[in-house]
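Engineer: Quick one: sequence and predicted model below, then my questions.
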Amino acid sequence: MKRWLPFIKTDPRVAVVRLSGAIGMPGRGSLSDATVGPLLEKAFRKGKPDAVALEINSPGGSPVQSSLIGSRIRRLAEETETKVYAFVEDVAASGGYWLAAAADEIWADDSSVLGSIGVISASFGAHEFLARQGIERRVYTAGKSKSMLDPFRPENPEDVERLKAILEDIHTNFKDHVSTRRAGKLPEDQDLFTGEIWLAKRAKDLGLIDGIGHLKPKMQEVFGKKVTFRRYEVKKPLFQRFGARVIEDAFTGIEERAEFARFGL
C-alpha cells in the first residue's frame, strides 16, 4: 500500500520474468510470444518496477518467436523507461542468446554456456529405406517447389541452395540484432557469428556479456539490500497434463531435451 502513498519512500522493486525452455510455436508447451507476452506486459507495467530482470535458461529454437519476444521486451522497456537485466543460468544459446541480447546488460554464471549465433536446419532422408521396402511415394503438387526437401525423395541440389539462402537471411537478421544490442562492446577483429559457443568468462572477454553475476546479489548491488522481487513465470494448467496433451508434452519434452543436450546439459 505504501508504494502508492505520496511522500513515503518505498523499497526498490525488480520484476523477474523466467524464460526457461526451448523457443517454439505457440501451443507446444515451449516459450513463445503468445505465452510469454502477457507475463512481460505485467512485469513492465504492474507497480512500476525499478527494473526488469530476465532469468534465461534456453538452448534456442524458433527464430521468429525469438524475435517477437525480444522485440516485445525492447518495446516495453522503451515505453516504460525501464532498464532490463538478463541473468543466464545453464545456457543462453542461439535463440536463447537472442533473448538475452534484448536486455541492456547480460550477466551469467562462470559455467554458463553462451553464443551459438547461427542458424540450423535438420532433417532426414528415408527414400532408400522406402525403396528397399518396396514402398512407392506418390506426391502431386501445383508449383515446382511445393515439395521442397521432401525427406522421402532424393535430395534436390536446387532445394538445398534455396534452403541455404533462407538460412543465410535469417543469420543476417540474427547478426544485426546482436550487433545493434551489443554495439561498442564486440571486438571488430573477430567473427563471433560462426555458431561457436563459449563459457561465461570467455564470453565476457568477447563482449557478449557484461560480467559474471547472479540475480539477487547483483540487484542488491545496484538497488541496495532492501530491494524486493516480484516473479512472473509461465505456468501450465493442471488439466493440460491429461489426455492427448500428455503425448504432445512428451514429444515436446524429448525435443527440448535434445536441444539442451547439444550443449552438454
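Structural biologist: Perfect, thanks for sending it.
Engineer: what does stretch 110-119 rub up against?
Structural biologist: Contact with stretch 110-119 is made by 60, 63, 88-94, 97, 100, 108, 167-168, 170-171, 174-175, 178, 192-201, 203, 208-209, 212, 263-265, as judged by CB atoms under 8 Å, 6 or more residues apart in numbering. Where C-beta positions appear, they are placed from N, C-alpha and C, glycine not excepted.
Engineer: Let's see that with 6 Å instead.
Structural biologist: Contact with stretch 110-119 is made by 88, 91-94, 97, 167, 170-171, 174, 178, 193, 195-198, 200, 203, 208, 212, 263, as judged by CB atoms under 6 Å, 6 or more residues apart in numbering.
Engineer: Tell me which entries of the residues you listed lie within helices.
Structural biologist: Those of those mapping onto helices are 97, 167, 170, 171, 174, 178, 200, 203, per DSSP state H.
Engineer: Could you pull out the helices in the chain for me?
Structural biologist: Under DSSP H, the chain gives helices at 33-45, 63-80, 95-101, 127-132, 157-181, 200-205, 215-223, 244-261.
Engineer: burial count for residue 51?
Structural biologist: Neighbour count for residue 51, taken as other CB atoms under 10 Å: 20.
Engineer: Could you do residue 12 as well?
Structural biologist: 17.
Engineer: Can you flag the buried ones in the ones in helices among the contacts of stretch 110-119?
Structural biologist: Listed as buried from these are 97, 171, 174, 178, 200, 203; burial here means 16 or more other CB atoms under 10 Å.
Engineer: so what's the fifth one up against?
Structural biologist: Remark: with contacts taken as CB under 6 Å, 6+ apart, residue 200 is in contact with 108, 110, 112, 212.
Engineer: who are the neighbours in contact with the nearest residue to it once chain neighbours are set aside?
Structural biologist: Nearest non-adjacent residue to residue 200, counting by CB to CB, 6 or more residues apart in numbering: residue 108, 4.0 Å away. The contact partners of residue 108, by CB under 6 Å, 6+ apart, come to 88, 200, 209.
Engineer: switch to 8 Å and redo it
Structural biologist: 87, 88, 92, 114, 200, 203, 209, 212, 213.
Engineer: Residue 56 too?
Structural biologist: Residues counted as contacts of residue 56 (CB under 8 Å, 6+ apart) are 19, 20, 86, 87, 88, 89, 92, 96, 99, 100.
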